[in-house]
Structures are given as C-alpha cells and as structure tokens.
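Asks: Turn this into a structure:
(one chain, ligands or ions: 1)
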Amino acid sequence: MAEGKKLLRALAGETQAIPPIWMMRQAGRYLPEYRATRAQAGDFLSLCYNPDLAAEVTLQPIRRYGFDAAILFADILLIPDALGADLWFVTGEGPRLSTITSEADFGKLKGKDDIHDHLAPVYETLRILSRELPSETALIGFAGAPWTVATYMIAGRGTPDQGPAHALREGNTALFEALLDRLTEATIEYLSCQVEAGAETLKLFDSWAGSLKGEAFTKYALEPTKRIIAELKSRHPGVPIIAFPREAGEAYVGFAKATGADCVALDNSVSPEWGAENVQVDGCVQGNLASSHMVTGGQALVDETRHIVEAFSKGPHIFNLGHGITPDADPDNVSLMIETVRGG
Ligand SMILES: Cc1c2[nH]c(c1CCC(=O)O)Cc1[nH]c(c(CCC(=O)O)c1C)Cc1[nH]c(c(CCC(=O)O)c1C)Cc1[nH]c(c(C)c1CCC(=O)O)C2
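Replies: Numbering: from 1, shown residues only. This is a model prediction of the structure:
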C-alpha cells in the first residue's frame, strides 16, 4: 500500500481500489451542528471571517463522517469583498454585491496585492486546520475562477443565465477583460497565501463555465485557469490543483492537459462512462453523484454510487457529488453513500 493521504495519492495519479471521498458543501446547512455554529457567529460572512468558528465548521463533517479531505470553510465571493466591492447575503435568497458596469466602478477596486489584510482570517483558519485535522485528512483550499466570480460582480447577484456578464463581455470587452485580469491576479495571490498557510491542494470553482461557448470558453474559462495554475505551480512546485469547469460538456475533454490541472471535477450532466473514456484518460477525475440522491436516498443512491465507483475504477478517481449538497439533504444519506463507497 502506498504512503500518504488517499486524496493526494489520487491527485498524483494513483488508482485505488477504494477511492478517497469528500463532498462539495460538506460543511453546510443540512448539518444541525453547522446551523448551531452559524447562529453563534451571527451570519454567514461573520462565520467566514471568524477563524475559530470557520475551522470548527470545517471539522464538523470530518468528525461526523471521516471524509478523506476537509475543504476550507469560506466563500468564492470573499475575493470581491477583499477587492472592495460591497458584499452581503440575503437569507433565503443568496449573495448581493455592488455592481461593476463602468470604468468608474472598476476604478474603485483595490489592487491585487491589497487584499491580504482583509483575507488574513482565512489564512488563520487554514493554519488552525493544518494543526487540528487528523493526519490522514487532506486540506483543500479554494477560490472561484475569474469568470464565475465576475458574473456575480457584474450583476451584483446570482443570475440564471449570467446575462449581465455576457452583456458586458460583448458591450465593453476591454472593461470585462480588465476585470477578469484583476481577478486572475488577485486569485493567484490569494491561493498562494492559502498554500503558505497549509492548504495541500487547491480547487478552482468555475460554476458558470458552461455558459461560455467555443472561443469565449477558451478565452475566459480555460485561459485564466491555465494562467493561475502555471503561476501557482511555479511558486509552489508540486501543489496539485483541481479544476471544476461546471457543465463544460464536450469542453471537459482535454481541459486537464490544456490548463495543467491535476484533476478535473465533473458535474452530473455527464455520465461516468463518458467521463472515464474522455476525461479520466488524461488523469484524475472527481465526481459525480447527483446531489439529489442526498435528499432521496434509498436503493437508487446505493445503485448510482456503485455505478460511479465501478465506471471510474480503472484510473485515479476522487468520489464526490456533481455539485454542492443542498440544505434539504438527510445526513443519514451521506453515511449511506460513504458506506457504499468504502464497503462495496
Ligand atoms: C457560486 C459559489 C458560491 N460559493 C461557492 C460557489 C461555487 C460552488 C457552487 O457552484 O456552489 C463555493 C463555496 N461556498 C461555500 C464553500 C465552503 C466549502 C464547502 O463546504 O464546500 C465553498 C467552496 C460555503 C457556503 N456558501 C454559502 C453557504 C450557505 C450560507 C448559509 O449558511 O446561509 C455556504 C455553506 C452561500 C453562497 N455562496 C455563494 C452563493 C450563490 C451562495 C448562496 C446560495 C446558497 O445559500 O447555497 C457563492
């Protein structure tokens, strides 16, 4: 048996009989202990910026389930907050930000090196976690990919079709590209500090990559990811990086090679057989159980979990959901998924 943490071994390309497992949004509202700590913090952002409580909620799902990895508790929208955009969360609705639609709005943003005072609590959370995690549990740092973060900054909120961001991309390409550049550069600095604070691997969430097509996908999803990965690998040789260009479809093919990512996370709109044949050929893949199974459970959960493990069994694989677990999920279904992956 090879040495080291299961998650890092998968990222290094090792095929394992039982894949490592963790879950997007594993620290979240489906857990009563998360809801209690969040109430103690007051609100979601106060929780993100409180290192002791953020470390506590990161550890909760590790204690309860023994996942192979812990993901830093934070949010992809802390970067716009650190750059000086206003950010708040409306309960039951989601994030709200000041919008960026003009050169004047963009001109108010801070520079890439002026984010660290604001983000210092996040680095402290990572330092606490690297001391407190069990020795077999890998620590994942993360950021949003520039395009996805830009969609929220431009619209000032989540949007079903990323319409405002596409409108700026077409209507004022220079401003749109300046924003993407600023985000790319700030993300490099942010993730580099996360590695220095103890993150052992990094994940880039490009949740809205699927709404970019063709050349726009290459320019605004693939290229910024490639640039971030190249710079991080030159500063921190050997740090493995997971890319998640969600709903990229056919554009998942070759994404690892083109960007230098060590692992590509797949959403559940592609079948595991397709993923094995077209994406896992290039290296490690992560995914891709539909998060709805965490609500519905039962034999369908067991069957689909086995199906995914089997389909990816010929190469390096990290078991995960295709997207974050939802607040209405049943914690017992998470146990059933883990038992199925580990126990057959
Ligand atoms: C788009 C995006 C965001 N945040 C994130 C993404 C990319 C992944 C994805 O597509 O889901 C990523 C994220 N958000 C959160 C994490 C922490 C780590 C983890 O457990 O995965 C991570 C990695 C905590 C969170 N981020 C948020 C919560 C819920 C906040 C609460 O406790 O009320 C958590 C646990 C809030 C959030 N944050 C964001 C939105 C749109 C919302 C509101 C929607 C919602 O409530 O689920 C932005």
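Asks: tell me the helices in the stretch 201-344 of the chain, going along the chain?
Replies: 214-217, 223-235, 255-259, 272-278, 293-296, 298-311, 331-343 (DSSP state H, counting those that start in this stretch).
Asks: of all the ones you listed, which lies closest to the ligand?
Replies: Distance to the ligand, taken as C-beta to the nearest ligand atom, is lowest for helix 331-343 among those, at 12.5 Å. (Each C-beta comes from the backbone N, C-alpha and C, glycine too.)
Asks: in the closest one, what's buried?
Replies: Asn333, Val334, Leu336, Met337, Ile338, Thr340, Val341 (16 or more other C-beta atoms under 10 Å).
Asks: Which residues of the stretch 101-250 of the chain lie near the ligand?
Replies: By C-beta under 6 Å from any ligand atom, the part of the stretch 101-250 of the chain that sits against the ligand consists of Phe142, Gly158, Phe205, Ser207.
Asks: State the pair within these that is farthest apart.
Replies: Using C-beta to C-beta, these span at most 17.9 Å, a distance reached by Phe142 and Gly158.
Asks: more crowded one of these two?
Replies: Phe142 (21 against 16; other C-beta atoms under 10 Å).
Asks: Need the residues of the stretch 101-250 of the chain next to the ligand in TSV (columns: pLDDT).
Replies: Listed next are these as TSV, based on pLDDT from 0 to 100:
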residue	pLDDT
Phe142	98
Gly158	97
Phe205	98
Ser207	98
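Asks: Report the contact partners of Glu132.
Replies: Applying C-beta atoms under 8 Å, 6 or more residues apart in numbering, we find Glu132 in contact with Ala55, Leu59.
Asks: so which of the helices of the stretch 201-344 of the chain gets nearest Glu196?
Replies: Glu196 lies closest, by C-beta to C-beta, to one member of the helices of the stretch 201-344 of the chain: helix 223-235, at 9.3 Å.
Asks: What are the buried residues along the closest one?
Replies: Using 16+ other C-beta under 10 Å as the test for burial, helix 223-235 gives Glu223, Pro224, Thr225, Lys226, Arg227, Ile228, Ile229, Glu231, Leu232.
Asks: Serialize these to JSON lines and add fields for pLDDT.
Replies: Converted to JSON lines, the buried residues of helix 223-235 look like this (pLDDT from 0 to 100):
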{"residue": "Glu223", "pLDDT": "98"}
{"residue": "Pro224", "pLDDT": "98"}
{"residue": "Thr225", "pLDDT": "98"}
{"residue": "Lys226", "pLDDT": "98"}
{"residue": "Arg227", "pLDDT": "98"}
{"residue": "Ile228", "pLDDT": "98"}
{"residue": "Ile229", "pLDDT": "98"}
{"residue": "Glu231", "pLDDT": "98"}
{"residue": "Leu232", "pLDDT": "98"}
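Asks: Please look at Leu212 and Glu223 and confirm they touch.
Replies: No: using C-beta atoms under 8 Å, Leu212 makes no contact with Glu223, being 10.9 Å away.
Asks: Any idea what the residue in the stretch 51-200 of the chain positioned nearest to the ligand is bridged to?
Replies: Of all residues in the stretch 51-200 of the chain, Gly94 sits closest to the ligand, at 3.8 Å by C-beta to the nearest ligand atom. With DSSP bridges as the criterion, Gly94 is bridged to Val90.
Asks: what's the neighbour count on it?
Replies: Using other C-beta under 10 Å, the number of residues around Gly94 comes to 11.
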